[in-house]
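**Q** Structural data only, the sequence is not supplied:
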């Protein structure tokens, strides 16, 4: 196997694939890239058995072949080289690899490509086309709300529903929940599955904002094809909880206020809150929102007032400020709307103006106030 390529172009492509390599992999071969050359097309694959990334790029190919390349030494070498043409030569008898640059030669030991795990291929799949930007937005809006508790396996992923022309992403950790819908797709499918949090994070890093992608899925995997890249995620084999059951429908109290003012106020007030609960109290009246917190163990307390627009009965409710700050950081736009019913039921946050073809709902459970 032999080819020549720009060192910076190769570096860019192996860096994208390297997201799928775990630093302490269970098998040594999982610390490798699989290089496969066919004509002038080089395919670079990496996997952690849950998520696989495959990238393709154009090279000057001389001899076809495949080889498993140790990722760390290759990445370190390419990072240390200035941009220049390099030649990559493999001795197929002993899997030895020789890199040649303008500075000299570098020899490293490759591994047998036969030992590299096979990456799932699209079989019996349903398929939809969607804009890359829409998927990126869906991940950004929901991923932070997924659970990290491995005992709640279903909640460690993001629940995806394909409902004809609507794509819905939902994430929850039982304290907060986010539902993001995009109705700009065209499909004749209805299906649902759970994509693991780590896989979506890798997909988000690999995606470019423009262009379309194809999302295809079967019972075990979801495949994202875009440009010269493919990301394959093994689906979470669990049943997702009925998220609609926890979204309160009758919320007569509506609060409108400036998003960044609210977020900045919470960032200051939470400094004085109890470090276990991060509880802040919202005291809401017509025209005025009072935000307060106290930590009785250390005699710390703080209060601030914001102007707001409010319709409904005066209300006092407690929330975990960290959750609210996180949600307000994801919501775009200057204004937010908060819908409330009673102090012991979830509050719902919306951007005051939804983007075209989008619907974003964020729910946060109250922290019970002690008397």
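**A** Now that the structure is in, tell me what you want to look at. Source: prediction; values computed, not measured.
**Q** Per the annotation, how does this protein divide into domains?
**A** Here the domain assignment for the chain is 2-115, 126-244, 247-364, based on automatic domain parsing.
**Q** could you redo those domains as CSV and give each row mean neighbour count?
**A** Backbone N, C-alpha and C define where each C-beta goes, glycine included. Compiled in CSV, the domains of the chain are given as follows (neighbours: other Cβ atoms under 10 Å):
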stretch, mean neighbour count
domain 2-115, 17
domain 126-244, 18
domain 247-364, 17
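**Q** Tabulate those domains (CSV), appending mean pLDDT.
**A** Output for the domains of the chain, formatted as CSV (pLDDT from 0 to 100):
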stretch, mean pLDDT
domain 2-115, 96
domain 126-244, 94
domain 247-364, 96
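**Q** Leaving out chain neighbours, which residue sits closest to the residue nearest the centre of the chain?
**A** Among the residues of the chain, the one closest to the centroid is residue 201, at 3.4 Å (Cα atoms, centre = their mean). Using Cβ to Cβ, 6 or more residues apart in numbering and skipping the chain neighbours, the partner closest in space to residue 201 is residue 143 (6.6 Å).
**Q** Verify the assumption that the one you found is located in a helix.
**A** Yes. Using DSSP: H, G, I helix; E, B strand; the rest coil, the assignment for residue 143 is a helix.
**Q** Would you check how far apart the closest residue to residue 196 other than its chain neighbours and residue 171 are?
**A** Using Cβ to Cβ, 6+ apart and skipping residues adjacent in sequence, the residue nearest residue 196 is residue 157, 4.8 Å away. If you measure residue 157 against residue 171 using Cβ to Cβ, to the nearest Å, the figure is 8 Å.
**Q** Test my guess that residue 361 contacts residue 172.
**A** No. With contact defined as Cβ atoms under 8 Å, residue 361 does not count as touching residue 172 (11.5 Å).
**Q** joint contacts of these two?
**A** Taking Cβ atoms under 8 Å, 6 or more residues apart in numbering as the contact criterion, the residues that touch both residue 361 and residue 172 are residue 178.
**Q** Show me where the chain has its helices.
**A** Per DSSP state H, the chain has helices spanning 7-18, 71-80, 132-142, 197-206, 259-269, 321-330. These are given in chain order.
**Q** will you turn the ones you listed into a markdown table that also has distance to residue 184?
**A** Listed next are the helices of the chain as a markdown table, based on distance: least, Cβ to Cβ, whole Å:
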| stretch | distance to residue 184 |
| --- | --- |
| helix 7-18 | 26 |
| helix 71-80 | 37 |
| helix 132-142 | 6 |
| helix 197-206 | 19 |
| helix 259-269 | 24 |
| helix 321-330 | 20 |
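**Q** Show me the one of those helices that comes nearest residue 87.
**A** helix 7-18 (10.4 Å; Cβ to Cβ).
**Q** How about residues contacting the closest one?
**A** Residues outside helix 7-18 that contact it (Cβ under 8 Å, 6+ apart): 33, 44-46, 53-55, 57, 71, 74-75, 78-79, 81-86, 101, 205-206, 229.
**Q** next one: stretch 34-43
**A** Among residues not part of stretch 34-43, those counted as contacts by Cβ under 8 Å, 6+ apart are 1, 3, 5, 44-46, 54-61, 63-69, 88, 113, 116.
**Q** if we go to 7 Å?
**A** Contacts of stretch 34-43 with the rest of the structure, by Cβ atoms under 7 Å, 6 or more residues apart in numbering, involve 1, 3, 44-45, 54, 56-61, 64-69, 113, 116.
**Q** Straight-line length of that stretch, end to end?
**A** Across stretch 34-43, the straight-line distance between its terminal residues is 8 Å, by Cα to Cα, to the nearest Å.
**Q** from memory the residue nearest to residue 201 sits against residue 196, does it?
**A** No. The pair formed by residue 143 and residue 196 falls short of the contact definition of Cβ atoms under 7 Å, at 10.6 Å.
**Q** I figured residue 255 hits residue 284, correct?
**A** Yes. In this structure, residue 255 is within contact of residue 284 by Cβ under 7 Å, at 5.9 Å.
**Q** Can you check which residues contact both of those two?
**A** For the pair residue 255 and residue 284, residues contacting each of them under the criterion Cβ under 7 Å, 6+ apart are residue 310.
**Q** Going along the chain, name the strands of the stretch 151-300 of the chain.
**A** Assignment of strands within the stretch 151-300 of the chain using DSSP state E, counting those that start in this stretch yields the ranges 157-163, 166-172, 176-182, 190-196, 212-217, 221-226, 229-234, 253-258, 279-285, 288-295, 300-307.
**Q** Same list (those) but as CSV, adding distance to residue 272.
**A** Listed next are the strands of the stretch 151-300 of the chain as CSV, based on distance: least, Cβ to Cβ, whole Å:
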stretch, distance to residue 272
strand 157-163, 34
strand 166-172, 28
strand 176-182, 22
strand 190-196, 37
strand 212-217, 45
strand 221-226, 44
strand 229-234, 42
strand 253-258, 21
strand 279-285, 9
strand 288-295, 5
strand 300-307, 4
